[in-house]
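*Asks:* next come a sequence and a model predicted from it.
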Amino acid sequence: MPCITINVEKSLKDRLSRFPWINWSEVGREEMLKRYIFEKYIKKEELTNEENDFCKKIDWHPVDELPLRKEFIEKINKIRKGKYHKYNSIEELRKDTS
């Protein structure tokens, strides 16, 4: 398997050394694969079964990285500004809905 070396400042290396149980190579490998899959997704390219399996394994999808649409944010803000009732208990909610 090919090897990649990443240079980091000493202060970052010292901070990373505080967590010897973390496999930083695996963290880097996953992040690079996520970036690759995201770029592929943006270009509307088909993901392979292996890439889809990776996404399922880490409970992530490229769409998670996309910014929220302006229309969605406006809709959420409109809902927040609207009238709503705060329930203090489940029983209170059940009384109101029955």
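*Replies:* On my side now, so go ahead.
*Asks:* what residue is smack in the middle of the chain?
*Replies:* Centroid check for the chain by Cα atoms, centre = their mean gives D64 as the closest residue, at 5.2 Å.
*Asks:* from K70, how far out is it?
*Replies:* Counting by Cβ to Cβ, to the nearest Å, the gap from D64 to K70 is 18 Å. Where C-beta positions appear, they are placed from N, C-alpha and C, glycine not excepted.
*Asks:* longest helix of this protein?
*Replies:* Using DSSP state H, we find that the single longest helix of the chain is helix 24-42.
*Asks:* past that one, which element shows up next along the chain?
*Replies:* helix 49-57 (DSSP states H and E).
*Asks:* avg pLDDT for that next one?
*Replies:* Here helix 49-57 scores 96 as its mean pLDDT.
*Asks:* send the alpha carbons of the following helix or strand past it over as PDB?
*Replies:* Of the helices and strands lying after helix 49-57 in sequence (DSSP H and E), the nearest is helix 70-81. Extracted in PDB, the C-alpha atoms of helix 70-81 (Å, rounded to 0.1, in the frame of the first residue of the first chain):
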ATOM      1  CA  LYS A  70     -32.000  29.500   1.300                       C
ATOM      2  CA  GLU A  71     -35.700  28.600   0.900                       C
ATOM      3  CA  PHE A  72     -35.400  25.900   3.600                       C
ATOM      4  CA  ILE A  73     -33.800  28.400   6.100                       C
ATOM      5  CA  GLU A  74     -36.500  30.900   5.300                       C
ATOM      6  CA  LYS A  75     -39.200  28.300   5.900                       C
ATOM      7  CA  ILE A  76     -37.700  27.300   9.200                       C
ATOM      8  CA  ASN A  77     -37.400  30.900  10.400                       C
ATOM      9  CA  LYS A  78     -41.000  31.500   9.500                       C
ATOM     10  CA  ILE A  79     -42.100  28.400  11.500                       C
ATOM     11  CA  ARG A  80     -40.000  29.700  14.500                       C
ATOM     12  CA  LYS A  81     -41.600  33.100  14.400                       C
END
